[in-house]
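In: give me coordinates for this.
(chains A and B)
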Amino acid sequence: MIRISVDLNSPLPAYQQIIQSLKIEILSGRLKNGDRLPPIRELAKLLKLNPNTVAKAYYTLENEGFVEGRPGSGNWVNVRAPGLNGLRRSMLDGETRAYLDRAFSLGANLDDVRNSVQRIAAHE
Amino acid sequence: MSDNILEIRNLTVRFRKRAAVDAVTVAFRRGEAVVIAGPNGAGKSTFLRCLAGAIVPDRGRVLYRQGLSRKNIGFLSDRLSLYEGWTLEEAWMFHRREFGIAEPARPTFQGIDLAPRRRIKNLSVGERTLFHLSLLMAQKPAVLLIDEVLHALDPYLRERFLEAVIEAMDEFQTAVIMVNHVFQETAQLPERVMIMDRGRFGLDESREDLERKVKKAAVAGEWPAEIPVLFETLSDLRKERYVYPFREEWAGKSGLDFKDVALGEIVKAFIGGAYVQKRAR
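Out: A predicted model of the protein is given here:
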């Protein structure tokens, strides 16, 4: 059961949304080396996407070293990228940047943010 | 070699004195999905009917390439050109003969049941559209022309409809050309966006380029004269201007905060812009 979703109202292009979702699947361990990605046609039908869009996402992931395409048999997870840690760090930075933007827009400063993170982490 | 499947040259269709399609030259490629939007009465449906061969143009030509013929062009509009009294079985037999389709079994749809003995006049609007699409699919269409049928489908049938179109694109490399305004309906299918106004295409861009070239910014103080405004929102409560074509160099120095815009909003801005121009004339 793969959690891939595409938000029509997002200005982020659909193929990048697919890439993003699949990277999260890989980082979280829900997709592992040797797992098969959904066939292009099936994913396109599920998400109501142009098959070319799905193909483009898979092709990009292949170039970035996360996926291996085998002609005639589909696309498989095969992480050759040196370290998922780098990817994890850059995606976390992106999330933090977005969060900080929202926190600062509430009038909070960095100390408020730090306190809030610690307080909530301590309770969960 | 060119991948064009349809080439349109200098196409003009007149209704009395008015040109509904005005000297249009454009080409469509195999397997691409295109959406044509534009204000009402812009000539979109007339253009589509020309491609289907249902209207003979006053000037210009529609050239079929790569073995394309009337037999593998599917044209879908809200007018289903079949006899109301026919059963679905009879309509299928007629369609099969008309288009020389080899398969004997009537095509069906996953998820909906259209019994062969039902009559066309007894189908709901949505069922008619899906039945019609199933007939077109049996033609293994190289081109599908879809004239504003999506808005009449309920959400369930719309999903079945889109799935069938996606399947055709993947299996037959079908070029899909659809007239539609509401992008919630076409989902993410179109890769190319055309906007028609007064019989001409004022815009023809890949979706990706378009999303890069249109930005919006809130109006605050003096607006720099070199930044072209496509459309300005009508509310005084929130004054935003849509910019096209956008240049990256404006992002830093103009003091404006440019935001990305989703496709539906982009098209709304273009159509809104067309109405503003109309008022100004």
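In: tell me where the chain has strands.
Out: Just so you know, I chose chain A. A:67-70, A:74-77 (DSSP state E).
In: ah, no, chain B please
Out: Going by DSSP E, chain B shows strands at B:4-15, B:18-29, B:33-37, B:59-64, B:73-76, B:143-147, B:175-179, B:192-197, B:200-206, B:215-218, B:229-232, B:240-243, B:259-260.
In: ok and the second one relative to strand B:59-64, angle-wise?
Out: Right, strand B:18-29. Orientation of strand B:18-29 against strand B:59-64 (axes from the mean of the first three to the mean of the last three Cα atoms, to 10 degrees) gives an angle of 30 degrees.
In: list the buried residues for strand B:18-29?
Out: B:19-22, B:24, B:28-29 (16 or more other Cβ atoms under 10 Å in any protein chain shown). From N, CA and C alone the C-beta is placed, and that goes for glycine too.
In: can you list those in JSON lines and add pLDDT and distance to chain A?
Out: Shown next, in JSON lines, are these (pLDDT from 0 to 100; distance: Cβ to the nearest Cβ, whole Å):
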{"residue": "B:A19", "pLDDT": "90", "distance to chain A": "32"}
{"residue": "B:A20", "pLDDT": "93", "distance to chain A": "29"}
{"residue": "B:V21", "pLDDT": "95", "distance to chain A": "27"}
{"residue": "B:D22", "pLDDT": "95", "distance to chain A": "30"}
{"residue": "B:V24", "pLDDT": "96", "distance to chain A": "24"}
{"residue": "B:F28", "pLDDT": "97", "distance to chain A": "15"}
{"residue": "B:R29", "pLDDT": "96", "distance to chain A": "11"}
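In: grab the nearest non-local neighbour of the residue nearest the centre of chain A.
Out: In chain A, the C-alpha closest to the average C-alpha coordinate belongs to A:Q20, at a distance of 2.6 Å (Cα atoms, centre = their mean). Closest residue to A:Q20 apart from its sequence neighbours, by Cβ to Cβ, 6 or more residues apart in numbering or on different chains: A:L12 at 7.7 Å.
In: neighbours of the one you found, just the number please.
Out: Counted with other Cβ atoms under 10 Å in any protein chain shown, residues neighbouring A:L12 total 14.
In: now do it against A:A55, distance only.
Out: 18 Å (Cβ to Cβ, to the nearest Å).
In: the chain: helices as residue ranges?
Out: You didn't pick a chain, so chain A it is. A:14-28, A:40-47, A:51-63, A:84-105, A:110-123 (DSSP state H).
In: actually chain B
Out: Using DSSP H, helices in chain B cover B:44-52, B:88-99, B:125-138, B:155-172, B:183-186, B:207-213, B:250-253, B:263-280.
In: hang on, the earlier thing: of the strands of chain B, which is nearest A:G86?
Out: Nearest to A:G86 among the strands of chain B is strand B:259-260 (26.2 Å), distances taken as Cβ to Cβ.
In: and that closest one, what's its mean pLDDT?
Out: Averaged across strand B:259-260, pLDDT comes to 90.
In: and for stretch A:20-31?
Out: Here the average pLDDT along stretch A:20-31 is 91.
In: for B:G38, what are its contacts?
Out: B:44, B:195-197, B:271, B:274 (Cβ atoms under 8 Å, 6 or more residues apart in numbering or on different chains).
In: ok, for it, nearest residue in space, not its chain neighbours?
Out: B:G38's closest residue in space is B:M196 (Cβ to Cβ, 6+ apart), at 3.8 Å.
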